[in-house]
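**Student:** Provided below are the primary sequence and the corresponding predicted coordinates.
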Amino acid sequence: MRVKVKILFLAAALASAASAAKTPLIPASEWRMIRQIAANYDLDEDATWLLAAIRRHENGRPGLEFGVGGPMNSGHRAHRYRDGVKSFYVQGYWAAGTVRKHYRGDVAAFARRYNPANAAKWSVSVSSLIARLKAENNNRLPGRKPAKREISLP
């Protein structure tokens, strides 16, 4: 009886660990918004992976989802909203604009523009996240590529 209890306990612990390991780095709802932002900004696949990695690396609360604009209440226009969806899009658009303008396939060079104070650490972290996101998604961006569409934000 005691061995059976230990086996059941071990099986439950392993199942719990396995389900925790399956939690995606970026939830599907955020992937849909990231893909829409990337489509609207004409980002290629490589730049879209970067945008997703930036989201995961910065991992900010509403108003700082992509780490744009420094601390909250700094007066930066990317901090207009504190609700989830509007804020995500505004922050994502600012990040996507920077990616489109400055990313040329070199994460380290881009890091000097996106996060000059901590470029070396930021570059290593984001590069690692890109690799992890690709591995998690079998080197394919999740979902379908959406058509461009206007997102109305007052």
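**Tutor:** Received the coordinates, thanks.

**Student:** Any figure for the gap between the nearest residue to Gly67 once chain neighbours are set aside and Ala78?
**Tutor:** Counting by Cβ to Cβ, 6 or more residues apart in numbering, the nearest residue to Gly67 once its immediate chain neighbours are dropped is Glu58, at 3.3 Å. (Glycine included, C-beta is placed from N, CA and C.) Distance from Glu58 to Ala78, counting by Cβ to Cβ, to the nearest Å: 12 Å.

**Student:** higher neighbour count, the two?
**Tutor:** Ranked by neighbour count (other Cβ atoms under 10 Å), Glu58 and Ala78 place Ala78 first, with 21 against 18.

**Student:** check contacts around the more buried one.
**Tutor:** When contacts are counted by Cβ atoms under 8 Å, 6 or more residues apart in numbering, Ala78 is found next to Val68, Gly69, Val90, Gln91, Trp94.

**Student:** which of those residues lies closest to Pro24?
**Tutor:** Gln91 (19.8 Å; Cβ to Cβ).

**Student:** can you count the residues close to the closest one?
**Tutor:** By other Cβ under 10 Å, the residues close to Gln91 number 27.

**Student:** I'd guessed Tyr114 sits against Ala96; true?
**Tutor:** No: under the criterion of Cβ atoms under 8 Å, Tyr114 is not in contact with Ala96, lying 11.8 Å apart.

**Student:** C-alpha coordinates for stretch 84-102, CSV please?
**Tutor:** Provided in CSV are the C-alpha atoms of stretch 84-102 (Å, rounded to 0.1, in the frame of the first residue of the first chain):
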residue,chain,number,x,y,z
GLY,A,84,-4.7,45.8,-21.5
VAL,A,85,-5.6,45.9,-25.2
LYS,A,86,-5.2,49.6,-26.1
SER,A,87,-2.0,49.8,-24.1
PHE,A,88,-0.6,46.6,-25.7
TYR,A,89,-1.2,48.0,-29.2
VAL,A,90,0.2,51.4,-28.4
GLN,A,91,3.3,49.9,-26.8
GLY,A,92,3.6,47.3,-29.6
TYR,A,93,3.3,50.0,-32.3
TRP,A,94,6.1,52.0,-30.8
ALA,A,95,8.3,48.9,-30.5
ALA,A,96,7.4,47.8,-34.0
GLY,A,97,8.2,51.2,-35.4
THR,A,98,11.7,51.0,-33.8
VAL,A,99,12.2,47.5,-35.1
ARG,A,100,11.2,48.5,-38.6
LYS,A,101,13.4,51.5,-38.6
HIS,A,102,16.5,50.2,-36.9
